[in-house]
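> just a sequence and a predicted model for now, questions to come.
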Amino acid sequence: MAMITSGILRNLRVGPVASAARMSDATIRTWVANHGLVLGDRHVRGEGNPRYDLSDCARLFMLHILTKKLRMDSKPAVYAVNSAVEKLTEIAEEETAAIDARRVPECQRYVMTMSAMSIDSETKPEITLYSDPQAIANRNDSRGLWCEVVIDLREIVRAARDALVNELGYSTSGLSHDFADTVSSEVRSEAA
């Protein structure tokens, strides 16, 4: 079986991305048109059919988890996914670069935290570095006060990658299943 390259995960039509995320293309169009989901590379209908990549698949995968598994309402779920676009894209780009280099992806570990009380409202979720000592201290101080939903954004991208690779007819056996944590300059300066 041929090895997958990052180019295969770019400029995709909706079909494989929708199947990997367990959604129909009509459902995806509804999410974009009615709920404002940020997705694809063309945001004006006259520009033609949009193309998708791993980052888009990760957003849809996360939306599926929030709406189907956690039973979150559509507006707050889309709001949460749209809040994570920048970090999901960053992680997905590193993931695709690592595929071509045949190495372990080196990216920050971002964790999205939402209190259970905010699941029914459009409350901006908190996205922090897992390795940030201040964020860890804040999380530990508030433990037990509220029930919270915690989502590791790297794991969302990884699950989307595996689903998309399988949907495209490739095997994930030659791909890395680990991450190498990178420490941001902010964390390095605090540790020194």
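Okay, I see it.
> tell me which element residue 128 falls in.
strand 126-129 (DSSP states H and E).
> and that strand, what does it pack against?
Strand 126-129 is packed against strand 110-115, with contacts defined by 3 or more Cβ pairs under 8 Å, 6 or more residues apart in numbering; DSSP states H and E. (Each C-beta comes from the backbone N, C-alpha and C, glycine too.)
> rewinding a little: for the strand holding residue 128, list the C-alpha coordinates in CSV.
What follows is strand 126-129, C-alpha atoms only, in CSV (Å, rounded to 0.1, in the frame of the first residue of the first chain):
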residue,chain,number,x,y,z
GLU,A,126,-10.9,28.8,27.6
ILE,A,127,-8.0,27.5,25.5
THR,A,128,-4.8,27.1,27.4
LEU,A,129,-1.4,25.4,27.0
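> so for it, mean pLDDT?
For strand 126-129, mean pLDDT is 78.
> which SSE is immediately downstream of whichever strand or helix holds residue 57?
Here residue 57 sits within helix 54-64, counting by DSSP H and E. With elements assigned by DSSP H and E, the helix or strand that comes after helix 54-64 is helix 74-83.
> quick one: the strands in this protein?
In the chain, strands defined by DSSP state E lie at 106-107, 110-115, 126-129, 148-152, 180-181, listed in chain order.
> neighbouring strands - and their directions - for the third one?
Strand 126-129 sits in its sheet next to strand 110-115 (antiparallel), going by DSSP bridges.
> now the strand it pairs with against helix 74-83, angle please.
Inter-element angle recorded for strand 110-115 and helix 74-83: 150 degrees (by axes from the mean of the first three to the mean of the last three Cα atoms, to 10 degrees).
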